[in-house]
Each structure stands twice: as C-alpha cells, then as structure tokens.
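Engineer: sharing a sequence plus its predicted fold:
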Amino acid sequence: MARMSQAFVTPAAIAAAALLLAGCAYTETSAKLARGGYYDTRLTTAQRNYENEQDRKTQLERDQQRLADERASIERDTQRYDQQLAALNAELKQSNADLERARNTNKVSRAQYDKLKADLDQLRLEEQAQSFSRADPGEKQRKLEELRGRKEALQAAIKALAAG
C-alpha cells in the first residue's frame with residue numbers, strides 16, 4: 001500500500017498543484033490591483049504627505065505674516081516714541097532758554113538757577129538715555145510720561161520765578 005500512495009504523487013500531480021497555487025496567487029494579485037491594492041496605498045501615502053507639506057507651508061506663511069505685523073507695530077511704536085522724545089527735547093530747550101533769560105534779568109538767584117539748571121540737565125540726560133533704551137513699549141511709555149510730568153513741574157517753577 002505504501003507503494004500505491006507513492007504512485008499517486010506523480011510529476012503531473014505536482015505540476016497541477018503548482019498551477020493551481022499560481023492561479024490562486026494570480027487571482028489574488030489581480031483582485032488587489034483591481035481595487036487599488038499596493039499602488040493605491042502608495043498613492044494615498046503620497047497624497048497625505050503632500051497635504052501635510054501644504055499645511056506646513058500655510059502655517060509658515062501665517063507665522064511670517066504675524067512676524068511682519070509685529071515688526072510693523074514695533075516700528076510704529078518706535079516712531080511715535082521718537083516723536084514724543086523730540087517734542088520733549090524741544091520743550092526742555094525752551095525751558096533752558098527761559099531759565100537763562102530769567103537769570104540774565106536777575107529774576108532768579110544764583111542758588112535757584114543752579115538747582116533748576118541741574119534739574120534741567122538731569123531731565124535732558126534721562127531723555128537722551130530713554131531714546132537709546134531697548135525697554136519694552138509699556139515701560140518706555142511709563143518713563144516718558146514720568147519725564148513729561150517732571151518737565152512740566154520744572155517749567156512751572158521756572159515761569160513762576162521768572163514772573164516773580
């Protein structure tokens with residue numbers, strides 16, 4: 001009997017089995033290709049990568065626009081502070097001229113003159129330091145308002161002494 005089972009496994013049977021397996025593999029591959037399969041997966045992955053890159057590009061453009069807007073805002077703030085500092089400087093020069101005029105007409109004593117002149121020089125020095133300051137805009141604005149208040153008080157004192 002053992003010989004009989006060996007007799008049934010002939011080269012023709014092996015060839016038939018191989019053809020049957022090859023046919024199954026062919027039909028399976030054909031089915032995958034028909035519904036997309038391997039190439040469809042690669043295409044989907046490539047499309048997903050493309051969309052991700054487009055999203056990154058869009059985000060970078062938004063970031064560039066935000067930075068450009070921030071830069072423009074900083075430049076506007078800087079220009080406004082420079083204008084305010086220039087106005088303050090012009091007012092300090094006028095106060096200095098008023099003080100000199102009061103001193104020349106002997107309306108102010110030497111001690112008063114020296115104190116007011118020192119205060120004016122201190123304000124001018126702080127104003128110049130403020131123009132070179134790299135402080136944040138809120139801090140610059142606060143310091144500018146403080147300088148303006150001190151300048152106005154000093155101007156009032158000079159005018160009061162010059163009138164009296």
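Structural biologist: Thanks, I have the structure now. Keep in mind the model is a prediction, meaning the values are calculated, not measured.
Engineer: now do the helix ranked longest in the chain: distance to the chain's middle.
Structural biologist: Counting residues, the longest helix in the chain under DSSP state H turns out to be helix 37-104. Put simply, helix 37-104 sits 7 Å off its chain's centre (Cα atoms, centre = their mean, to the nearest Å).
Engineer: buried sites along the helix or strand following it?
Structural biologist: Scanning forward in sequence from helix 37-104 by DSSP states H and E, the next helix or strand is helix 110-131. Buried residues in helix 110-131, defined by neighbour count with 16 or more other Cβ atoms under 10 Å: Gln112, Tyr113, Leu116, Lys117, Asp119, Leu120, Leu123, Arg124, Glu126, Glu127, Gln130. All C-beta atoms are positioned from the backbone trio N, CA, C, and that covers glycine.
Engineer: likewise stretch 88-105?
Structural biologist: Leu88, Asn89, Glu91, Leu92, Ser95, Asn96, Asp98, Leu99, Ala102, Arg103.
Engineer: just the CA coordinates of it, formatted as CSV?
Structural biologist: Taking C-alpha atoms only, stretch 88-105 is exported to CSV below (Å, rounded to 0.1, in the frame of the first residue of the first chain):
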residue,chain,number,x,y,z
LEU,A,88,10.1,116.7,25.0
ASN,A,89,13.6,117.7,23.9
ALA,A,90,12.3,120.8,22.2
GLU,A,91,10.4,121.8,25.4
LEU,A,92,13.5,121.2,27.5
LYS,A,93,15.4,123.5,25.2
GLN,A,94,12.7,126.1,25.6
SER,A,95,12.8,125.7,29.4
ASN,A,96,16.5,126.1,29.4
ALA,A,97,16.2,129.3,27.3
ASP,A,98,13.6,130.6,29.8
LEU,A,99,15.8,129.8,32.7
GLU,A,100,18.8,131.6,31.1
ARG,A,101,16.6,134.6,30.3
ALA,A,102,15.4,134.7,33.9
ARG,A,103,18.9,134.5,35.2
ASN,A,104,20.2,137.3,32.8
THR,A,105,17.4,139.6,34.0
